[in-house]
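In: Turn this into a model:
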Amino acid sequence: MALDRLAARMQRGNQEIQQVLATLDNRLEATWWEGDDAEAFRDQWQVSHRTRIARAAERLATAQVDVRAQATQQRRTSGN
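Out: Now for the predicted structure:
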């Protein structure tokens, strides 16, 4: 069913975003960069950028649950 495929893609998208966040966190931590600009960027990354990206992943996860529920409901309604 199309909704099941959509939900699966949303779940994969969430996982991909989580992996990207982990990679970026590791790279940022491993990168030698000192000074006020470095600290400002790291703070901005944690407070703003990372938070927004993580929220997008959370929204995908929530939407995926909703789409799966809709698929189940449609199957029940149609008798499949």
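In: Excluding covalently adjacent residues, which one is nearest to the residue most central in space within the chain?
Out: Centroid-nearest residue in the chain, with Cα atoms, centre = their mean: Ala57, separated by 1.9 Å. Nearest non-adjacent residue to Ala57, counting by Cβ to Cβ, 6 or more residues apart in numbering: Ile17, 4.0 Å away. The way it works is simple: take the backbone N, C-alpha and C, and place the C-beta from them, glycine included.
In: low-confidence ranges in the chain?
Out: 80 (pLDDT under 70).
In: Going along the chain, name the strands of it.
Out: For the chain, no strands turn up when DSSP state E is the criterion.
In: isn't Gln11 right up against Thr62?
Out: No - if you go by Cβ atoms under 8 Å, Gln11 and Thr62 don't touch, sitting 11.2 Å apart.
In: out of those two, which sits in the more crowded spot?
Out: For Gln11 versus Thr62, neighbours defined as other Cβ atoms under 10 Å are more numerous around Gln11 (17 against 12).
In: which ones are touching the more buried one?
Out: 60-61, 64 (Cβ atoms under 8 Å, 6 or more residues apart in numbering).
In: Check the spacing between the residue nearest to the centre of the chain and Trp33 real quick.
Out: Using Cβ to Cβ, to the nearest Å, Ala57 is found at 26 Å from Trp33.
In: Please apply the same query to Glu39.
Out: Glu39 sits 9 Å away from Trp33, going by Cβ to Cβ.
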